[in-house]
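Colleague: With the sequence up front, the predicted model follows.
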Amino acid sequence: MSSGPDGAPARPPGAAGRHSIADRGARWFRTCYGHRPQGVWLAPGRVNIIGEHTDYNDGFVLPFALGEGVVAAASPRRDDRLALRTRRDPAASVEIPLARLRPGPDGTPAKLDEVREQLPGWARYPAGVAWSLLAAGYPVPGASLAIDSDLADGAGLSSSAALECSVALALTELVSPDSLDVLASAGPDPDRPGVPRPELAAIARRAENEFAGVPSGIMDQSASLLCRAQHALLLDCQSLESSQVPFKPDRAGVRVLVIDTRAKHELADGEYGSRQAECAEAAHQLGVPSLRAVHDVSALRGLADPVLHRRARHVVTDNLRVRQVTGLLRTSGGGDFRALSEVGTLLTRSHASLRDDFQVSWPEADVTVEVAVAAGALGARMTGGGFGGSALALVPEADLDQVQARILAAFSDRGWAEPEFLGAFPSGAAQRMI
Ligand code: GLA
């Protein structure tokens, strides 16, 4: 790999991988529909550095986009239907008349439950995006879509948001076969062509919450649509203002190691929703609109219930840690070794808070964090919603082999499935590839 002037890779290593998955997606489209797609759009998964379960509390998050993601190869159709195929389930073929997703002429909502029940799980995300775009007043063209991915499902790396965002971009950037106009430019505001990305993130999130029925915050879709290479995204989930924070651990000889613990992660199973409810109740009892408004743990004395107190303490302290990590990365221009060591300590503290106060970690993640830090990682934590999925560790290059070997041994000693390792490089946002 070639290097830039400051030793950082001149090109994020994800870039080559993105081209090959886009090409494979285009071939898959051809297999499905017998002709070339008009375009191929890729949306990445994400790793959240810090700020977990803070997004739905109006707080702060600091994710970066992976090189890996989901591709949607697409072409418009003239029959006002959405055709869906996925390479993960090659035999499945879904077609939905868009009329079934459109609100009625008097604004009555489409009968979503009926439509959803007839769809396989994976198809609910792209269909939901079409519904959500229509509900926001954007025109959606009939389209054939073929989905492919190089991101593990259920690994807590936000494959569903990546699927939504790739489809959202495809449906809003497809060009009409008749007029060569980008169809979505005929949206609610004729002066604003296309759909601004923060709005597209909200549309994709609505698809996930209201159509697919999965409760989640705004972090994953924002990361997929707004991140920049060699940066993390600082998102204020209240104002939805975001800024780019340099994140270049490579320059300091540090790798971001993602460990897929292979424990399945399922957001819809109720625990995530119950954490949301507990946080809302804690805010209510404190008399604030959301836990974002609490800046100091001493203000939590008013919470008599020990569980609510612990939940709120995690949110308040993780919001503070996001600020601290952001400060360290900014002042060191993306992270020198010293700053990254301090970031590592904050990551490990965040994990302890998620394990003990928020109680969303799982045994494989706890062992991964403990072993990684003992073997030389600067810090480690679970990432994403929890109850399964992945952890991340900041690891000096010299210790990388040892950290991986010790984690493998710890899993094997316990009879757990072998974890998978991914070297993660902060990469760019969703883009049209072909
Ligand atoms: C999931 C959700 C996000 C966020 C995280 C926890 O990934 O999709 O919105 O709430 O969990 O930080």
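Modeller: Done, it's in.
Colleague: which bits of the protein sit near the ligand?
Modeller: For the chain, the residues found near the ligand under the criterion C-beta under 6 Å from any ligand atom are 52-53, 55-56, 158, 216-217, 219-220, 384-385. Heads up, the C-betas are built off the backbone N, CA and C, glycines and all.
Colleague: Adding secondary structure, neighbour count and pLDDT, write these out as JSON lines.
Modeller: Below are the residues of the chain next to the ligand laid out as JSON lines (DSSP: H, G, I helix; E, B strand; the rest coil; neighbours: other C-beta atoms under 10 Å; pLDDT from 0 to 100):
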{"residue": "52", "secondary structure": "coil", "neighbour count": "29", "pLDDT": "98"}
{"residue": "53", "secondary structure": "coil", "neighbour count": "26", "pLDDT": "98"}
{"residue": "55", "secondary structure": "helix", "neighbour count": "22", "pLDDT": "98"}
{"residue": "56", "secondary structure": "helix", "neighbour count": "20", "pLDDT": "98"}
{"residue": "158", "secondary structure": "coil", "neighbour count": "32", "pLDDT": "96"}
{"residue": "216", "secondary structure": "coil", "neighbour count": "22", "pLDDT": "95"}
{"residue": "217", "secondary structure": "coil", "neighbour count": "22", "pLDDT": "97"}
{"residue": "219", "secondary structure": "helix", "neighbour count": "29", "pLDDT": "98"}
{"residue": "220", "secondary structure": "helix", "neighbour count": "29", "pLDDT": "98"}
{"residue": "384", "secondary structure": "coil", "neighbour count": "27", "pLDDT": "96"}
{"residue": "385", "secondary structure": "coil", "neighbour count": "25", "pLDDT": "95"}
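Colleague: that's a strand at residue 257, yeah?
Modeller: Yes: remark: residue 257 belongs to a strand, assigned using DSSP: H, G, I helix; E, B strand; the rest coil.
Colleague: these two touch, right, it and residue 424?
Modeller: Yes: Residue 257 is within contact range of residue 424, at 7.4 Å (criterion: C-beta atoms under 8 Å).
Colleague: Now do the shared contacts for the two.
Modeller: Here residue 257 and residue 424 have residue 392 as joint contacts, going by C-beta atoms under 8 Å, 6 or more residues apart in numbering.
Colleague: Correct me if wrong: residue 300 contacts residue 306.
Modeller: No: Residue 300 lies out of contact with residue 306 (C-beta under 8 Å); the separation is 10.9 Å.
Colleague: More neighbours: the two, which one.
Modeller: Looking at residue 300 and residue 306 with other C-beta atoms under 10 Å, you find the greater number of neighbours at residue 300, namely 20 against 8.
Colleague: mind checking the SS state of that one?
Modeller: Taken by three-state DSSP, the conformation at residue 300 corresponds to helix.
Colleague: ok, it - contacts?
Modeller: Applying C-beta under 8 Å, 6+ apart, one finds that residue 300 lies in contact with 286, 294, 309, 312-313, 316.
Colleague: out of everything not next to it in sequence, what's closest to it?
Modeller: Across the structure, with C-beta to C-beta, 6 or more residues apart in numbering as the measure, the residue nearest residue 300 apart from its sequence neighbours is residue 312 (5.2 Å).
Colleague: and what of residue 135?
Modeller: Nearest-residue entry for residue 135: residue 103, 6.3 Å, with adjacent residues in sequence omitted and distances by C-beta to C-beta, 6+ apart.
Colleague: Correct me if wrong: that neighbour contacts residue 136.
Modeller: No: in this structure, residue 103 is not within contact of residue 136 by C-beta under 8 Å, at 10.5 Å.
Colleague: need the strands for this structure, in chain order.
Modeller: Using DSSP state E, the strands assigned to the chain run over residues 39-48, 60-61, 63-76, 81-86, 93-97, 143-149, 231-236, 242-246, 254-260, 379-383, 390-396, 420-424, 431-432.
Colleague: Now tabulate the ones you listed in a markdown table and tack on mean pLDDT, distance to residue 130 and mean neighbour count.
Modeller: Output for these, formatted as a markdown table (pLDDT from 0 to 100; distance: least, C-beta to C-beta, whole Å; neighbours: other C-beta atoms under 10 Å):
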| stretch | mean pLDDT | distance to residue 130 | mean neighbour count |
| --- | --- | --- | --- |
| strand 39-48 | 98 | 14 | 29 |
| strand 60-61 | 98 | 27 | 26 |
| strand 63-76 | 97 | 11 | 28 |
| strand 81-86 | 98 | 6 | 22 |
| strand 93-97 | 97 | 8 | 15 |
| strand 143-149 | 98 | 8 | 25 |
| strand 231-236 | 98 | 26 | 24 |
| strand 242-246 | 98 | 26 | 17 |
| strand 254-260 | 98 | 30 | 23 |
| strand 379-383 | 98 | 30 | 28 |
| strand 390-396 | 98 | 29 | 27 |
| strand 420-424 | 97 | 31 | 18 |
| strand 431-432 | 95 | 18 | 14 |
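Colleague: Columns distance to residue 321 on top of those strands, output as TSV?
Modeller: Output for the strands of the chain, formatted as TSV (distance: least, C-beta to C-beta, whole Å):
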stretch	distance to residue 321
strand 39-48	12
strand 60-61	9
strand 63-76	14
strand 81-86	37
strand 93-97	42
strand 143-149	31
strand 231-236	12
strand 242-246	14
strand 254-260	17
strand 379-383	10
strand 390-396	14
strand 420-424	19
strand 431-432	31
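Colleague: quick one, which of those is nearest to residue 172?
Modeller: With C-beta to C-beta as the criterion, residue 172 lies closest to strand 39-48 of the strands of the chain, at 9.5 Å.
Colleague: when you compare where that closest one runs with where strand 390-396 runs, what's the angle?
Modeller: Orientation note: strand 39-48 sits at an angle of 70 degrees relative to strand 390-396 (axes from the mean of the first three to the mean of the last three C-alpha atoms, to 10 degrees).
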